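>>> Here is my input, please return the structure:
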Amino acid sequence: MTGIKILDLCSMMSGPWATDILGDQGADVIKVEVPGKGDHVRALPNRSGDMSAMFVNVNRSKRSLTLDLKTPEGVAVFKRLAADADVIVQNFRPGVVERLGISYDDLAPLNSRLIYLSLSGFGEGGPLSGQRVYDSLIQGLTGLTTVQAGSDNERPRLIRTILPDKLTAVVAAQALSAALFARERSGGDGQHIRLSMLEAVLSFLWASDMGAYTFADKPVPIEKGGSFIDLIYQTADGYVTIATNSNVEWQNMCRALGHPEWIEDERFTTPTGRLENINERLELIQSVLTDKTSAEWLEALDGHDVPAAPILKRSEVIEHPQVLSTGIVVESEHPVAGRLRQARVAARFLGTVPDAPRGAPKLGEHNREVLADNGFADSEIEQLITAGVLGSEQELTATAQA
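Below is the predicted model:
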């Protein structure tokens, strides 16, 4: 992505992480923030050196520019930046960029090659389009909470990570890459991409969890085949997960657990039977596993070629030999937050190895640098600071330090 200029107008998770992914792959991401305030994520807890962990993790490899877009002068500055930008990403509520005068229709005449991504929660139309959106609302509306419950008859459960936000970020990064590829291949114009969290999650669920609704002319039964605790088993000293999707894996697990007679039990001889008798199956397996430690069972299961893994606490994940062997967790030094432990770029490129991610920026850290890079004279920059259009956070910091 080296040579790609991205203007990031986003806050919270989905938009910032989408541009973070591209920034880690070499794009010049300019994060445009509200002067004196910045992205709300900057103020979240779990902090070091007055920087929050979430901000540090989803806003690295960016430059911060504080610009008041509620002023005509701020909009004029943004339009100058947009004139040669490759990408703009915004996740304001529908209608906001139009009121500010920085929508795709406002900017495309200035830059025919511009790729403009509008992220939203529920989409641009419909009865919920103007509602403030958070992750739990999307989980509820898409049925994800019912999938997590394991059955339509069970109490819905949230996935305890902001999956819709994160998934939308990954889909957005892929969509931007596809649009950039299409533009470069055709040598033509850019385009407007629209993506909502609702659409990202529904597409995600249809790959596996909406099977009963796939065949339009078939009746849809109540979903009752799952169990919230399925595949998680308690041992003498912890928990393990065991996956037996095929008949061979089920039979091998029975042998590994010392109960080959389960193989002949008619309730469990087929995948359908094992699903229909899920509670009985779980009770049998669980009744055995508390007799030995996780390590003992994992050794026995591995010896019978049964897929299994320990259930790790987050503190244990970063020390597990398999995780360590991937090298995905790396350490770096941040000038404000101190020593960081983060995940590197997940994909490993052999031909275009990305540089190490740069640390997340301080608020307004790159105000002068960004504008100078984009042709603003020193006198123009001073006037913008004096008028309050360009943030003066770093000017004040420098004065205080002096």
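>>> show me where pLDDT drops low in the stretch 101-250 of the chain?
In the predicted model of the stretch 101-250 of the chain, residues 222-230 satisfy pLDDT under 70.
>>> Tell me which stretches of it form helices.
104-107, 135-141, 144-149, 163-186, 197-206, 247-256 (DSSP state H, counting those that start in this stretch).
>>> okay if I get those helices as CSV plus mean neighbour count and distance to residue 303?
C-beta: built from backbone N, CA, C; applies to glycine. Output for those, formatted as CSV (neighbours: other Cβ atoms under 10 Å; distance: least, Cβ to Cβ, whole Å):
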stretch, mean neighbour count, distance to residue 303
helix 104-107, 18, 59
helix 135-141, 19, 39
helix 144-149, 20, 33
helix 163-186, 18, 35
helix 197-206, 19, 36
helix 247-256, 18, 7
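>>> Could you pull out the buried residues of stretch 85-99?
The neighbour-count check on stretch 85-99 (16 or more other Cβ atoms under 10 Å) flags 85-92, 94, 97 as buried.
>>> try stretch 326-341
For stretch 326-341, burial by neighbour count (16+ other Cβ under 10 Å) applies to 334, 337, 340.
>>> And for stretch 107-123?
For stretch 107-123, a neighbour-count test (16+ other Cβ under 10 Å) marks 107-108, 111, 113-123 as buried.
>>> Can you tell me which of the buried residues of stretch 85-99 comes closest to residue 134?
Lowest distance from residue 134 to these (Cβ to Cβ) belongs to residue 91, with 12.6 Å.
>>> Touching, residue 155 and residue 149? I think so.
Yes: with contact defined as Cβ atoms under 8 Å, residue 155 reaches residue 149; the gap is 6.1 Å.
>>> before we move on, back to that, residue 238: which of the buried residues of stretch 107-123 is nearest?
Here the nearest of the buried residues of stretch 107-123 to residue 238, counting by Cβ to Cβ, is residue 121; it sits at 38.2 Å.
>>> Now do the same contact list for the nearest residue to that closest one once chain neighbours are set aside.
Leaving aside its chain neighbours, residue 121 sits nearest to residue 133 (2.6 Å; criterion: Cβ to Cβ, 6 or more residues apart in numbering). The contact partners of residue 133, taken as Cβ atoms under 8 Å, 6 or more residues apart in numbering, are 120-122, 197.
>>> still on that earlier bit, mind picking the two most distant members of the buried residues of stretch 107-123?
113 and 122 (29.7 Å).
>>> quick revisit: select, out of the helices of the stretch 101-250 of the chain, the one closest to residue 4.
Counting by Cβ to Cβ, residue 4 lies closest to helix 163-186 out of the helices of the stretch 101-250 of the chain; the figure is 6.7 Å.
>>> ok and that closest one relative to helix 197-206, angle-wise?
90 degrees (axes from the mean of the first three to the mean of the last three Cα atoms, to 10 degrees).
>>> Which neighbouring elements make contact with helix 163-186?
If contacts are counted by 3 or more Cβ pairs under 8 Å, 6 or more residues apart in numbering; DSSP states H and E, helix 163-186 sits against helix 14-24, strand 87-90, strand 115-120, helix 135-141, strand 191-196, helix 197-206.
>>> Distance to residue 285 for those - can I get that in CSV?
CSV is the format used below for the helices and strands packed on helix 163-186 (distance: least, Cβ to Cβ, whole Å):
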stretch, distance to residue 285
helix 14-24, 38
strand 87-90, 47
strand 115-120, 43
helix 135-141, 29
strand 191-196, 40
helix 197-206, 28
